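>>> this is a predicted model, with the sequence first.
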Amino acid sequence: MSSITSALTAPASPGGEAAAALREGLLQRASPRREAIEQLRERVDALRRELDAAQDGAEAAEAGARHAEEREREAAAELHAAASTGRTQGEKLRDLEDELRYKDGRIKVLEAIVKTMTAKKK
C-alpha cells in the first residue's frame, strides 16, 4: 500500500515513472480480486450445471411417476374388465347348468313315459 500512496504523492516525472508505479500497484492489488471473482464465476457455473442436472433428474422422475400412475390405472381397468367378464361368464355357466339340469329332468320324464308305454304294449 505504501507503494501506491508514494506513487500518488510523488511528483510526476517527465518519464511517467509515477504513473507506471501507480498502474503496477493497482494491477497487483486487483489481481487477487480478479482471481477471486473468476473462482466465484466458476463456482456459479458449476452450481448452475448441478442445478440443471438436478432439474433434469427431477423431470425424469416426474415423467416416470406419471408413466407408472398411468400404467397402474390401465392395469386396474384391465383387472376390473377381467373381473366383470369373469362374473358374466360365471352367470352364463350357471344358466347353462340350470338349463342342462332342466333338460336332464325332462329326458328322465320322457324315458319314464317311454318305458311305461313300451311295458304296456308287451
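Thanks, I have it.
>>> immediately after the lowest-mean-pLDDT helix or strand in the chain, which helix or strand?
Ranking every helix and strand in the chain by mean pLDDT, DSSP states H and E puts helix 2-9 at the bottom, with a mean of 48. The C-terminal neighbour of helix 2-9 among helices and strands, as given by DSSP states H and E, is helix 17-121.
>>> other SSEs contacting that following helix?
Packing contacts for helix 17-121, counted by 3 or more C-beta pairs under 8 Å, 6 or more residues apart in numbering; DSSP states H and E, involve helix 2-9. For every residue, glycine as well, the C-beta is placed using N, CA and C.
>>> output stretch 66-86 as PDB, restricted to C-alpha atoms.
Extracted in PDB, the C-alpha atoms of stretch 66-86 (Å, rounded to 0.1, in the frame of the first residue of the first chain):
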ATOM      1  CA  ARG A  66     -46.700 -40.200 -14.400                       C
ATOM      2  CA  HIS A  67     -46.000 -43.200 -16.600                       C
ATOM      3  CA  ALA A  68     -46.200 -45.600 -13.600                       C
ATOM      4  CA  GLU A  69     -49.500 -44.000 -12.500                       C
ATOM      5  CA  GLU A  70     -50.900 -44.300 -16.000                       C
ATOM      6  CA  ARG A  71     -49.800 -48.000 -16.100                       C
ATOM      7  CA  GLU A  72     -51.400 -48.600 -12.700                       C
ATOM      8  CA  ARG A  73     -54.700 -47.100 -14.000                       C
ATOM      9  CA  GLU A  74     -54.500 -49.300 -17.100                       C
ATOM     10  CA  ALA A  75     -53.800 -52.400 -15.000                       C
ATOM     11  CA  ALA A  76     -56.700 -51.600 -12.700                       C
ATOM     12  CA  ALA A  77     -59.000 -51.100 -15.700                       C
ATOM     13  CA  GLU A  78     -57.900 -54.400 -17.200                       C
ATOM     14  CA  LEU A  79     -58.400 -56.100 -13.800                       C
ATOM     15  CA  HIS A  80     -61.900 -54.600 -13.500                       C
ATOM     16  CA  ALA A  81     -62.700 -55.700 -17.000                       C
ATOM     17  CA  ALA A  82     -61.400 -59.200 -16.400                       C
ATOM     18  CA  ALA A  83     -63.400 -59.500 -13.100                       C
ATOM     19  CA  SER A  84     -66.500 -58.200 -14.900                       C
ATOM     20  CA  THR A  85     -66.000 -60.800 -17.700                       C
ATOM     21  CA  GLY A  86     -65.500 -63.500 -15.200                       C
END
